[in-house]
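Undergrad: Here's a sequence, model it:
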Amino acid sequence: MTKIAEAFQNKKAFIGFLTAGDPSLECTEEFIIKMEEAGAALIEIGIPFSDPIAEGPVIQAANIRALSNPNGCTTDQVFEMVERVSKKVSVPLVFLTYLNPAMIASLHAAHQQESQEL
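TA: Below is the predicted model:
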């Protein structure tokens, strides 16, 4: 059984949400740990995007704050933070993102692989 399926074993699950990098990636990591301690069964991590038109005003503002962070908040930085925090929590962590960042990350990975093969 997957960790996500286990989160719904009791039919209901509290799913926490936060936007990565709001107010910082360090705080995001701390918040994820606190959310698990508070009883979250699953945590959804929003990857900030510069044009979050499908979101409401609260998540739009969180995206803007995350992307305005002086230390940055790139998709790679979010993945690195999740890799670290996943060793500290047992709840499943899932992503909320738009297609654009996922496509760009996929294209970048393909380009990196092609460059290494040449």
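Undergrad: Quick check: pLDDT value at Arg65.
TA: Looking at Arg65, its pLDDT reads 95.
Undergrad: Checking my notes, Ala105 in a helix, right?
TA: Yes: looking at Ala105 with DSSP: H, G, I helix; E, B strand; the rest coil, it is inside a helix.
Undergrad: Is the spatially most central residue of the chain part of a helix or strand, or is it coil?
TA: In the chain, the centroid-proximal residue (Cα atoms, centre = their mean) is Ile45; its distance is 3.2 Å. Ile45 falls in the strand class when you classify it by three-state DSSP.
Undergrad: That one bridge partners, please.
TA: Leu18, Phe95 (DSSP bridges).
Undergrad: in terms of contact, does it touch Val91 like I think?
TA: No: the criterion here is Cβ atoms under 8 Å, and Ile45 misses it with Val91 at 11.3 Å. Every C-beta, even on glycine, is put in place using the N, C-alpha and C of the backbone.
Undergrad: any idea how far Gln9 is from Thr18?
TA: Just so we're on the same page, residue 18 is Leu rather than Thr. 24 Å (Cβ to Cβ, to the nearest Å).
Undergrad: With neighbour numbers in mind, choose between those two.
TA: Leu18 (19 against 10; other Cβ atoms under 10 Å).
Undergrad: who's in contact with the more buried one?
TA: Contacts for Leu18 (Cβ atoms under 8 Å, 6 or more residues apart in numbering) come out as 28, 31-32, 35, 43-46, 62.
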